[in-house]
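Enquirer: Predicted model follows, preceded by the sequence.
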Amino acid sequence: MAEKNYYEILGVDKKASEADIKKAYRKLVRQYHPDVSDDPNADAKMGEINNAYETLKDAEKRQQYDMMLENPFAGAGFGQGGFARGGMGGQAPNMSAEDIDEILRQFGGGMGGGRAGRAGFGQAGGGFRFDDLFSSFGGSGGMGGAGFGGPTNSKGEDQHAELSVDLSASYHGDTQKITLNLPVQTAQGREYQSKTIEVKIPKGIAEGQQIRLAKQGLPSAYGGEAGDLYLKIKFAHADNIRVEGKDVFQTVDIAPWEAALGGSITVNTPAGKVSVNVPKNSRSGSNLRLKGKGIPAKAAGDLFLTLNIVLPPTDTDAQKVAWQTLKAQFADFVPTR
């Protein structure tokens, strides 16, 4: 029996549109993915399906493939049948992160979930396996042999992760260690090597900004340089603090007499201890602005202290008497309701 061509593998016509090819691919992934299929040959079929999609989704590769189908001898430089056999379940296809993410969503995942291509580092710096993305398909990830179109010495895939840092790091700068579990190909097969690297957190960095670590992404499948690792910064801070751009907002508790009489109070802030004057007759929700005490960027943000009046306890008889005395002193005072 003649070997199926890529169009036959995906079950589409040679004139199929890009959308039709993608739709057919998704359908086949849902049918033959090893996690959902009972077919004993699911891995092999997924290898064929991924290899076909890798070629037909790319306009330039598809054009060359069509030319090879019309003239098989013209593709002699591309491996067996003009195109090398790769793909998940065998060797790794050269798929983009966007394509992978679309398919992962079919299984309720997606790269934002931290499984693949995008992961998270807590402050303890847990290990991060770059090829989890590909292993979720039962394949060999970015470490397999070259699929069609793999240019010699091409760069490995860039990776993205989230790095949680204490808010104080933005005020003073910091260094943080993270551990990467990188796949390497050995004579015994694939193994993982742990690598701990130190990340410098620059003073003034804002939440959402990225730190680029050159050559710390996926290794190249074609002998080139490794990709880069991009760490997106996420601040960790107390519940009474929130960050909006370069401005920092902090809720500060004050006693009723401090709110009524005013005076100086000392507050522990991300910028350090500061002394502020509380105006007389302050209300809960009032903001005290400390200019330039927010994120210390080139144009520094501001720190806003939001006052919150808290009442002392009334557990003892003496405390209750004190409140009764206060009530008597302000017998004519009726709050607006």
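Expert: Cool, the structure landed. Numbers count the residues shown, from 1 in each chain.
Enquirer: quick one: low-confidence parts of the stretch 201-337 of the chain?
Expert: Regions of the stretch 201-337 of the chain meeting the criterion pLDDT under 70 are absent.
Enquirer: give me that answer again for 80
Expert: In the prediction, the stretch 201-337 of the chain carries residues with pLDDT under 80 at positions 220-223, 337.
Enquirer: could you pull out the strands for it?
Expert: With DSSP state E, counting those that start in this stretch as the criterion, the stretch 201-337 of the chain has strands at 210-213, 229-236, 241-244, 247-254, 263-269, 272-278, 287-290, 303-309.
Enquirer: Put together a markdown table for those, with distance to Glu54 on each row.
Expert: Any C-beta I mention is one placed from the backbone N, CA and C, and that applies to glycine too. Below are the strands of the stretch 201-337 of the chain laid out as a markdown table (distance: least, CB to CB, whole Å):
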| stretch | distance to Glu54 |
| --- | --- |
| strand 210-213 | 28 |
| strand 229-236 | 24 |
| strand 241-244 | 42 |
| strand 247-254 | 47 |
| strand 263-269 | 53 |
| strand 272-278 | 55 |
| strand 287-290 | 56 |
| strand 303-309 | 52 |
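Enquirer: Any chance of the ones you listed in a markdown table with distance to Glu191 and mean neighbour count as columns?
Expert: Formatted as a markdown table, the strands of the stretch 201-337 of the chain follow (distance: least, CB to CB, whole Å; neighbours: other CB atoms under 10 Å):
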| stretch | distance to Glu191 | mean neighbour count |
| --- | --- | --- |
| strand 210-213 | 22 | 15 |
| strand 229-236 | 20 | 18 |
| strand 241-244 | 41 | 16 |
| strand 247-254 | 45 | 18 |
| strand 263-269 | 48 | 14 |
| strand 272-278 | 47 | 13 |
| strand 287-290 | 53 | 15 |
| strand 303-309 | 49 | 19 |
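Enquirer: can I see the domain layout of the chain?
Expert: Following the assignment in automatic domain parsing, the chain carries domains at 1-85, 108-236, 241-328.
Enquirer: on that earlier part again, right, and the strands of the stretch 201-337 of the chain - which one's nearest His160?
Expert: strand 229-236 (4.8 Å; CB to CB).
Enquirer: all helices for this protein, in order.
Expert: Under the criterion DSSP state H, the chain contains helices at 6-10, 18-32, 42-56, 59-70, 97-105, 132-135, 168-172, 256-261, 317-329.
Enquirer: List the buried residues of the third one.
Expert: If you call a residue buried by 16 or more other CB atoms under 10 Å, then helix 42-56 has these buried ones: 42-43, 45-56.
Enquirer: What is the neighbour count of the residue lying closest to Lys200 once chain neighbours are set aside?
Expert: In this structure, Lys200 finds its nearest non-sequential neighbour in Thr175, 5.4 Å apart by CB to CB, 6 or more residues apart in numbering. Using other CB atoms under 10 Å, Thr175 has 9 neighbouring residues.
Enquirer: now do Asn181
Expert: Asn181 is flanked by 15 other residues according to other CB under 10 Å.
Enquirer: For Gly295, which non-adjacent residue is spatially closest?
Expert: Wrong residue type there; residue 295 is Ile, not Gly. For Ile295, the spatially nearest residue (CB to CB, 6+ apart) is Lys246, at 4.2 Å.
Enquirer: for that neighbour, what are its contacts?
Expert: Applying CB atoms under 8 Å, 6 or more residues apart in numbering to Lys246 gives the contacts Ala206, Gly294, Ile295, Ala297, Ala299, Ala300, Gly301, Asp302.
Enquirer: And the residues you listed, which of them are buried?
Expert: Neighbour-count burial (16+ other CB under 10 Å) is assigned, among these, to Gly294, Ile295, Ala300, Gly301, Asp302.
Enquirer: how near is the first one to Asp302?
Expert: In this case it means Gly294. 5 Å (CB to CB, to the nearest Å).
Enquirer: Now do the shared contacts for these two.
Expert: Contact with both Gly294 and Asp302 is made by residues Lys246, Asp247, Val248, according to CB under 8 Å, 6+ apart.
Enquirer: Nearest to Glu3 among these?
Expert: Lys246 (60.6 Å).
Enquirer: Where does pLDDT dip in the stretch 1-150 of the chain?
Expert: In the stretch 1-150 of the chain, residues with pLDDT under 80: 1-3, 33-38, 40, 43, 70-150.
Enquirer: coming back round to it: need the max-distance pair from the buried ones among the contacts of Lys246.
Expert: Farthest apart among those by CB to CB are Ile295 and Asp302. That separation is 9.4 Å.
Enquirer: Now the common contact residues for the two.
Expert: Contact criterion CB under 8 Å, 6+ apart; residues shared by Ile295 and Asp302: Lys246, Asp247, Val248.
Enquirer: Many thanks, have a good one.
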